[in-house]
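In: Attaching a predicted model along with its sequence, questions to come.
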Amino acid sequence: MSQQVFTERDIEKQSASSYNPVQTHVGHGKSKLASANPLGLLAFGQALYFLSLFEFAPRGVTTTNIVVGNMIWMGGVAQFIAGVIDFCAGNAFGATVFCAYGAFNLAYSTIFVPGSGILAAYSDKTTGIPREDFSQAVALFVWSWFIITVIFTIGACQANYVLFGLLCTADVTLILLAAGHMTLDERLLKASGVFGLIAAAISFYAAAAYLYVDGVTPFTLPLFPIRKDRIV
């Protein structure tokens with residue numbers, strides 16, 4: 001039977017953890033897996049940033065097809081992978097959030113994939129232009145995700161102010177987006193884009209806070225925990 005050898009550095013870490021049971025910006029529990037938070041939050045933020053940006057026709061670009069591939073791979077697949085990692089690490093909250101939003105991005109982007117036939121089902125057979133009921137259908141889809149986001153927001157209310165603020169901003173984004181599609185009001189859609197960009201910025205900050213640990217950078221970023229005994 002082999003004997004495990006502890007270095008002086010290991011003993012120092014174990015001693016520190018015994019006095020401070022809550023370790024900020026570390027992996028979850030006893031899992032050897034790396035934290036999935038940086039990947040999940042970057043995927044969430046980048047997909048939301050890119051989608052929200054096109055509410056304002058940046059650089060005169062009005063064709064938004066380029067968003068679809070990004071939402072499938074970064075917002076969808078990458079974020080879903082982060083959720084699976086969190087499942088393996090025993091972090092139910094992170095796993096549920098990342099897998100859910102990964103699925104959201106995959107579902108939303110599939111609407112605009114020609115082979116899916118979803119957009120075609122709501123388009124005029126002669127002109128190919130989406131009918132008015134398409135916007136209503138999208139609104140119903142977004143409202144369902146608003147409900148899910150509210151559930152996540154309540155779950156994060158004792159985690160830290162950054163994640164809680166991120167989800168609160170996402171709530172407002174979804175409300176404005178759904179209302180904009182229901183009323184066909186461009187002002188509401190642009191307002192959703194503004195809050196989407198704010199949520200993306202918060203997500204980028206949170207991702208950096210979880211990534212800049214263990215000596216990766218000469219500084220760390222605070223997440224402002226609400227409860228000291230809660231790790232998310």
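Out: Okay, I see it.
In: Show me how far stretch 148-161 is from its chain's centre.
Out: Computed by Cα atoms, centre = their mean, to the nearest Å, the separation of stretch 148-161 from the middle of its chain amounts to 13 Å.
In: quick one: buried residues of it?
Out: Counting neighbours by 16 or more other Cβ atoms under 10 Å, one finds that the buried residues in stretch 148-161 are T149, V150, F152, T153, G155, A156, A159, N160. (Glycine included, C-beta is placed from N, CA and C.)
In: separation between the closest residue to L189 other than its chain neighbours and R131?
Out: Distances taken as Cβ to Cβ, 6 or more residues apart in numbering put G180 closest to L189, at 3.8 Å, once the chain neighbours are dropped. If you measure G180 against R131 using Cβ to Cβ, to the nearest Å, the figure is 17 Å.
In: These two: which has the busier surroundings?
Out: More neighbours surround G180 than the other of G180 and R131, with 23 against 14 (other Cβ atoms under 10 Å).
In: OK, contacts around the more buried one?
Out: Applying Cβ atoms under 8 Å, 6 or more residues apart in numbering to G180 gives the contacts E186, R187, L188, L189, A191, S192.
In: go with 10 Å
Out: By Cβ atoms under 10 Å, 6 or more residues apart in numbering, G180 lies in contact with 55, 135, 138-139, 142, 186-193.
In: How about the most centrally placed residue in the chain, nearest residue that isn't a chain neighbour?
Out: When the chain is reduced to its mean C-alpha position, the closest residue under Cα atoms, centre = their mean turns out to be F44, at 3.0 Å. For F44, ignoring the flanking residues on the chain, the nearest one in space by Cβ to Cβ, 6+ apart is S203 at 5.1 Å.
In: If anything else comes up later, I'll come back, but that's it for now.
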